[in-house]
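>>> Below: sequence and its predicted model.
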Amino acid sequence: MNSTDRMIKHPVRWLRPAFVAGMLLGAVSAPAAEVKPALDPQADEQLRRMSAYLAQAPFFSVSAEIWQDVRLGSGQQVQAGRAIDLQVRRPDRFHAEMHSTRHNRALFFDGKSITLLNRAKNFYGSIPAPATLDEALDLACERFGVTLPLEDIIVSDPYQSAMRKVVSGIHLGPVVVLGVPCDHLAFSMGTVDWQVWIEQGGRPVPRKIVITYKDEEGTPEYTALFSRWDFQTKLPDQLFTFAPPSGTTQISVAEIKSRIETHKSGGTQP
Amino acid sequence: MNKITSLRNIGIGVAALLATLPLLYAQRSQSSGRGAPAPWSEPAHGPRSEPTHDVTQHSPVMVDRSAHGSIRHVDAHIVEHLVEVHRDFDVHQQVLIHHDRDVDVNRPRFWHGFVFGARRHGLREGCLHLFVNGVPFFYDDGIYYQQAGDDYAAVYPPVGATIPVLPDGAIEILAGNMIYYYAGGGFYVQQGGGFVIAPTPLGVVVPELPPGNVMALLNGRVVYQFNGIYYQPVFVNGVTQYQTFLP
């Protein structure tokens, strides 16, 4: 009797080891969410405090200077920068202006649609969006490939949003960022590390965020330096409602949905 | 006997597990975008199939996560950096991917100064003398010229022209399984030891307009024309880019 015959005639005998293998496989491939992150309680507490402060703010404005590592085709690594001015009004409004030497863009979300405006080229495009900030951020990213600037401080629960894939976090102690005493926290998601410097005292806002992409060549970093936090100045509706400036032309916004589906069908998209 | 059977079964089970692990790893590598290279991360080997005209269906997702600086969407649509500085390339050449970035690293190239019909009295030292279907051209870092009396007039990139080295700052463009290098309005494909200008593929998205384009209105829409091909602006991943088409 060859081995195939034995498998057919005595299925239990070969099913048993297969079951063992399956159990072992199950253990190996258990979802990462079940693994409790190694969190320094002080880092956890500080991040929760910052998150609660931002989440409870009905509206705020902030400016940020962004520096990111860019790898040229020659292999040389350089830094490029831009500035962002952001206004948020919970639960369903944001407005961002992004400026650099070459670019001048804006994003508007009024609870109904997200509008992209290229001020330098006088183009704008709109996409219908769900009513909440979190849903709008996810839709913009997942369907249109638009990741909104500084979205980690915009979401309704920054702690939950940022900690979803964190595997470890530590409190590195006090550090002064641009003259402001802060607490320095560092978190790891495995292939990506991120750090946040949170202002000490009664207004625990982020003063600096660094994201390090360890799995990319040259381990590029994205740095945001925050300034001009304002939780007092009221933000009227008109700030978030897009009105096409004269001379602008509407263009389409390409959807990437079909590409995601293509990836999913190939099993390459989580 | 039963103990021996159980041990044997466990042994078979472990063997089955070990046999399966590579598959599991491969699947994980694929899902994380690492490990086995994605089809679009393959180095350029020239044309492999006809380009598609449906950019949304076949183009790679071009969000560069290190540009958007998001923790929430840190793994969203990761795209490996497509810059492939080929071994054949001059190391001083830079092939730039079109960045989804608000950065200021793209410096002007020689071919950015192309204006159709613009005349030069002389050409720069080192320019090439080419023949395309028997017609003479002169080539200088992304710009083609034809003799015009005592002068040289800039002309559109002639399809079929072959150059040994890409123009400085050529941009890698993917369309389906095709890899083009885009510079000065020309779409180059690698062929043998050089690069040949292909007909402009329709439906592809380029990060910048060809130099010397002419803006026009077509059915009330702003479009740009270059060498008989139209380019319409479109937001791709939040960035203004331009898709080729024919009305």
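Good, I have the coordinates.
>>> got the contact list for the residue of the stretch 151-270 of chain A found nearest chain B?
Ranking the residues of the stretch 151-270 of chain A by distance to chain B (C-beta to the nearest C-beta) places residue A:222 first, at 3.8 Å. Using the backbone N, CA and C atoms, a C-beta is placed for each residue, glycine as well. Neighbouring residues of residue A:222 by C-beta atoms under 8 Å, 6 or more residues apart in numbering or on different chains: A:66-69, A:209-211, A:213, B:66-67, B:69.
>>> Which parts of the chain are helices?
Using chain A. Secondary structure of chain A (DSSP state H): helices at A:3-9, A:11-28, A:41-56, A:133-144, A:151-154, A:158-163, A:257-265.
>>> that's the wrong chain, I wanted chain B
B:2-31, B:55-58, B:65-68.
>>> what does the average pLDDT come to for the second one?
Mean pLDDT, taken over the full extent of helix B:55-58, equals 34.
>>> just stretch B:239-247 next, same as before
Rounded mean pLDDT across stretch B:239-247 is 92.
>>> Also stretch A:183-199?
Averaged across stretch A:183-199, pLDDT comes to 96.
>>> Stretch B:214-229 too?
Averaging pLDDT along stretch B:214-229 gives 94.
>>> worst-scoring helix or strand of chain B, pLDDT-wise?
helix B:55-58 (a mean of 34; mean pLDDT, DSSP states H and E).
>>> What about residue 125, how many residues nearby?
As the question left the chain open, I've gone with chain A. The tally of other residues near residue A:125 (other C-beta atoms under 10 Å in any protein chain shown) stands at 22.
>>> think we crossed wires, I meant chain B
When counting by other C-beta under 10 Å, one arrives at 6 neighbours for residue B:125.
>>> Give me the nearest residue to residue A:230, chain neighbours excluded.
Leaving aside its chain neighbours, residue A:230 sits nearest to residue A:61 (4.3 Å; criterion: C-beta to C-beta, 6 or more residues apart in numbering or on different chains).
>>> So if we follow the domain assignment, how does chain A break up?
A:1-30, A:33-57+A:65-75+A:156-231, A:91-154+A:240-270 (automatic domain parsing).
>>> near chain A at all, stretch B:178-193?
No - residues of stretch B:178-193 are not located near chain A by C-beta under 8 Å from any C-beta of the partner chain, the shortest gap being 11.1 Å.
>>> pLDDT on that stretch, on average?
Stretch B:178-193 comes out at a mean pLDDT of 94.
>>> same deal with stretch A:226-245?
Stretch A:226-245 shows a mean pLDDT of 97.
>>> With stretch A:70-79 instead?
Rounded mean pLDDT across stretch A:70-79 is 78.
>>> before we move on, the earlier item: ranking by neighbours, what's the top pick from the contacts of residue A:222?
For those, the largest number of neighbours (other C-beta under 10 Å) sits with residue B:69, at 26 neighbours.
>>> didn't it look like it was pressed against residue A:68?
Yes - here residue B:69 lies in contact with residue A:68, judged by C-beta atoms under 8 Å, at a distance of 6.9 Å.
>>> sorry, back to before: export the domains of chain A to CSV and tack on distance to residue B:238?
Below are the domains of chain A laid out as CSV (distance: least, C-beta to C-beta, whole Å):
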stretch, distance to residue B:238
domain A:1-30, 35
domain A:33-57+A:65-75+A:156-231, 15
domain A:91-154+A:240-270, 4
